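1. Let's see this in three dimensions:
(chains A and B)
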Amino acid sequence: MILWRQLNWEGRAGAALLMALVLMALLAPLIAPGDPLAITGEPMLRPFALELHPLGTDRLGRDVLSGLLHGTRTTLLVAFFSAAVALSVGSIVGTLAGFLGGVADTVLMRITEAFQTVPGFLLALAAISVTGPSVPTLIFAISLGNWTQAARVTRAEVLSLRERDFVAAARTLGMRPLEIAFREILPNAFGPTASLAAISVAAAILIEAALSFLGFGDPNRVTWGSMIAEGRTVLRAAPYLSIVPGLALVVTVLGVHLIGRGFSRAERLQP
Amino acid sequence: MPPLVSFFLRRLASALPVLGVVLIGSFLLLEAASGDAVDSYVARSGAMDAEQLAQLREEWGLDQGPLYRFKAYACALARGDLGWSTAFERPVSSVILERLPVTLLLMGIATALAFVVGSLLGVIAGARPGSIRDRILSIGSLALYAVPGFWLGLVLIVIFAVDLRWLPVGGIETIASGKSGLARLGDIAVHLILPVASLAMVYLALYLRLMRDRMSEIWRDPFVKALEAWGLDRRRIVWRHVARNAVLPVVTMLGLQAAAMLGGSVVVESVFAIPGFGRLAAEAVARRDTPLLLGVILCSAITVIIANLLVDLAYGKLDPRVRAGR
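-> Take a look at the predicted model:
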């Protein structure tokens, strides 16, 4: 609750939006039981026409509301975990580069630069082409292009922390170098990296949506991207089939950005 | 040595290790992909028995160790040979060269539009931080920043191509229109309006925000207070002093976003059925054409490096403190 009081209106709006989305994801099997990919009604029902299908049905007669609710699960799952993987990998690489210095630093930063040079979306496509699409491989593929910023930020922070007194104290205590790097320096350097969390989550949501829009998402799960792609085939007759899941995407990404801004403002207020 | 030449040489020297890492990465990808060059050759030319297959593998050096294969791969690349595209049945390099100009055109116009409109709107918002105009533009850009480009493309198609019928649904030009010269150019321009808009909007929002935030920081700088105390015209302070300083991070961002925009063009080109470089990546994955995918990755890395080089040159022109070659 202390956290809530620190947030400005932007952060609160974002937090409320995300809470609603998490609730949607958790309650999806209760509100819309059964397989969201199952055909449950007449195809191409308009929204609000039947009480059974409040948002209508798609080209094959699958319920749009059910797809939307279950899609929340895939989106949040993939986005959250790939951002977590990206931030962890990035901060480990950044810590090693900043702490070890010398050749290790050069090599690690060249690798980071190479990953930044290739578009993240192409990296994800390439990874998916090798591993095949499923939720774990999607998480891996998306984080491939997402960890570099965290590595750079952590490295810069580690470089400024490396010469501090508490590191010298740890060395005097006889801690091993890697122990110092990961138990003393990394926890202190993580703050600025954590502020990248919102950007990483938002990027992951958009990449996942684009991948599944192109048909490279997990075929056994309903996602907003695949719903947009499905609706696209009947874009002239039923544009809402593409527009509604896209709106869900916009609201989610907006919520993530808002909460990110809220947190960064709250942090800046601290002395 | 002229400063510009030494600048290019230094940039080339720092780009080579990066390209080397990309090369190693794509080789590993090639190794991880199922099937090798012989498999795709057989798929193309028809049946072969196991003995012939083994013979061909020996001939192409595929039975050697990974180091040898990597050397062969790197040597072929150095000669400009990107391999054979199984999906298009043509050399990868010719497919890419055919597709690249369209994407560069799309990206170039989108970048220019996003930069010009975004930073102008950013100046309007940042001229008076906290004003009504600032708030409206800030909220608008935050919302726009959350919109996925491909979905925006679909919405624009529904509005401008399906409902209003003002603009074409997709493609890069009217097929077999027989147009030439200016008429053809105009035709291409009309086809590019919607894709450029859907690609540029996100970056427009980004540059607007960046410009606005930087300007509101600069307003607090002592030198601005001094200018105000001198009684300098406010419009002059906004444009000549605050905006000019705030545009530098936006220019830096242009280079950083080159890779992201190339990634974005993959989906936007698919939405608008534009035969470009980005869509090639999606086609390569869908048709399991690994050499083509690697070619696309390598070429996009080179494109991004060149884009950053151009941005750095422009930066030197804009900021007297940073001059290329010094």
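2. drop to CA atoms for contacts and neighbour counts, all remaining ones
-> Noted.
3. where do the strands sit along chain B?
-> Under the criterion DSSP state E, strands of chain B are mapped to B:84-85, B:90-91.
4. For the first one, the averaged confidence score.
-> In this model, strand B:84-85 carries a mean pLDDT of 80.
5. other SSEs contacting that strand?
-> Here strand B:84-85 touches strand B:90-91, helix B:290-318, going by 3 or more Cα pairs under 8 Å, 6 or more residues apart in numbering or on different chains; DSSP states H and E.
6. Each with direction, which strands does it pair with?
-> Using DSSP bridges, strand B:84-85 pairs in its sheet with strand B:90-91 (antiparallel).
7. mean confidence score for the partner strand?
-> 86.
8. what's in contact with it?
-> B:81, B:82, B:83, B:84, B:85 (Cα atoms under 8 Å, 6 or more residues apart in numbering or on different chains).
9. so what's residue B:63 scoring on pLDDT?
-> For residue B:63, pLDDT reads 68.
10. Mind checking the pLDDT average for stretch A:98-113?
-> Mean predicted confidence for stretch A:98-113 is 90.
11. Just the buried positions in it, please.
-> A:98, A:99, A:100, A:105, A:107, A:108, A:109, A:110, A:111, A:112, A:113 (16 or more other Cα atoms under 10 Å in any protein chain shown).
12. Please produce CSV containing these, extended by distance to residue B:5.
-> Formatted as CSV, those follow (distance: Cα to Cα, whole Å):
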residue, distance to residue B:5
A:98, 32
A:99, 35
A:100, 34
A:105, 28
A:107, 26
A:108, 28
A:109, 25
A:110, 23
A:111, 26
A:112, 27
A:113, 23
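13. Among the residues you listed, which one sits closest to residue A:220?
-> Residue A:220 has its nearest neighbour among the buried residues of stretch A:98-113 in residue A:112, at 33.3 Å by Cα to Cα.
14. Could you find the closest non-adjacent residue to the closest one?
-> residue A:148 (5.7 Å; Cα to Cα, 6 or more residues apart in numbering or on different chains).
15. contacting residues for the one you found?
-> Residue A:148 touches A:86, A:90, A:112, A:113, A:115, A:116, counting by Cα under 8 Å, 6+ apart.
16. Quick check: residues of the stretch 101-250 of chain A near chain B?
-> A:110-111, A:113-122, A:125-126, A:129-130, A:206, A:210, A:214, A:228, A:232, A:235-236, A:239, A:242-243, A:246, A:249-250 (Cα under 8 Å from any Cα of the partner chain).
17. In the stretch 151-300 of chain B, where is pLDDT below threshold?
-> Regions of the stretch 151-300 of chain B meeting the criterion pLDDT under 70 are absent.
18. ranges for the helices of it?
-> Counting by DSSP state H, counting those that start in this stretch, the segments of the stretch 151-300 of chain B that form helices are B:181-218, B:222-230, B:234-236, B:244-271, B:277-286, B:290-318.
19. CSV for those helices, including mean neighbour count and distance to chain A?
-> Putting those into CSV (neighbours: other Cα atoms under 10 Å in any protein chain shown; distance: least, Cα to the nearest Cα, whole Å) gives the following:
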stretch, mean neighbour count, distance to chain A
helix B:181-218, 21, 12
helix B:222-230, 12, 21
helix B:234-236, 12, 29
helix B:244-271, 22, 5
helix B:277-286, 22, 6
helix B:290-318, 21, 5
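20. returning to what we had before: only whichever of the contacts of strand B:90-91 are buried, select them in PyMOL.
-> Selecting the buried subset of the contacts of strand B:90-91 in PyMOL, with 16+ other Cα under 10 Å as the burial test, is done by:
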select buried, chain B and resi 81+82+83+84+85
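21. of the contacts of strand B:90-91, closest to chain A?
-> Nearest to chain A out of these is residue B:85 (Cα to the nearest Cα; 15.5 Å).
22. Looking at strand pairing, list the partners for that closest one.
-> Applying DSSP bridges, one finds that residue B:85 bridges with residue B:90.
23. For it, give me its contacts.
-> Counting by Cα under 8 Å, 6+ apart, the residues that residue B:85 touches are B:91, B:92, B:289, B:291, B:292.
24. May I ask which two of these are separated the most?
-> Farthest pair in the contacts of residue B:85 (Cα to Cα) is B:91 and B:289. Separation: 11.9 Å.
25. more crowded one of these two?
-> residue B:289 (21 against 16; other Cα atoms under 10 Å in any protein chain shown).
26. From residue B:86, how far off is that one?
-> Using Cα to Cα, to the nearest Å, we find residue B:289 at a distance of 6 Å from residue B:86.
27. Residue B:183 too?
-> From residue B:183 to residue B:86 the distance is 36 Å (Cα to Cα).
28. What's the separation between the residue lying closest to residue A:65 once chain neighbours are set aside and residue B:117?
-> Leaving aside its chain neighbours, residue A:65 sits nearest to residue A:55 (5.5 Å; criterion: Cα to Cα, 6+ apart). Residue A:55 is 37 Å from residue B:117, where distance means Cα to Cα.
29. Work out for me the element residue A:94 sits within.
-> Using DSSP states H and E, residue A:94 sits within helix A:64-100.
30. Show the subsequent helix or strand relative to that helix.
-> Taking DSSP H and E, what comes next after helix A:64-100 is helix A:102-117.
31. what inclination does that next one have with respect to helix B:290-318?
-> Interaxial angle of helix A:102-117 relative to helix B:290-318 (axes from the mean of the first three to the mean of the last three Cα atoms, to 10 degrees): 100 degrees.
32. Give me the helices and strands touching helix A:102-117, please.
-> helix A:64-100, helix A:148-161, helix B:3-32, helix B:290-318.
33. could you dump those helices to CSV with distance to residue A:256?
-> Below are the helices and strands packed on helix A:102-117 laid out as CSV (distance: least, Cα to Cα, whole Å):
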stretch, distance to residue A:256
helix A:64-100, 11
helix A:148-161, 18
helix B:3-32, 32
helix B:290-318, 28
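34. among those helices, where is the model least confident on average?
-> helix B:3-32 (a mean of 83).
35. What residues of that helix count as buried?
-> In helix B:3-32, counting by 16+ other Cα under 10 Å, buried: B:7, B:15, B:17-19, B:21-23, B:25-27, B:29-31.
36. Would you mind confirming that residue B:237 makes contact with residue B:227?
-> Yes - counting by Cα atoms under 8 Å, residue B:237 does reach residue B:227; the two are 7.2 Å apart.
37. Count the neighbours of the residue lying closest to residue A:193 once chain neighbours are set aside for me.
-> Closest residue in space to residue A:193, ignoring its immediate chain neighbours: residue A:150 at 5.6 Å, by Cα to Cα, 6+ apart. The burial count assigned to residue A:150 is 27, neighbours taken as other Cα under 10 Å.
38. tell me, what residue is most central in chain B?
-> residue B:262 (2.9 Å; Cα atoms, centre = their mean).
39. Name only those of the residues of the stretch 101-250 of chain A next to chain B that count as buried.
-> Buried among those by 16+ other Cα under 10 Å: A:110-111, A:113-122, A:125-126, A:129-130, A:206, A:210, A:214, A:228, A:232, A:235, A:239, A:242-243, A:246, A:249-250.
40. picking up where we left off before, would you format the helices of the stretch 151-300 of chain B as CSV with distance to residue A:70 included?
-> Output for the helices of the stretch 151-300 of chain B, formatted as CSV (distance: least, Cα to Cα, whole Å):
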stretch, distance to residue A:70
helix B:181-218, 27
helix B:222-230, 53
helix B:234-236, 53
helix B:244-271, 24
helix B:277-286, 26
helix B:290-318, 32
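41. Ok, which of the ones you listed comes nearest residue A:162?
-> So among the helices of the stretch 151-300 of chain B, helix B:244-271 is nearest, using Cα to Cα, at 27.8 Å.
42. Look up how far residue A:114 lies from the closest residue to residue A:117 other than its chain neighbours.
-> Computed as Cα to Cα, 6+ apart, the closest residue to residue A:117 that is not its neighbour in sequence is residue B:301, at 5.2 Å. Distance, residue B:301 to residue A:114, using Cα to Cα: 8 Å.
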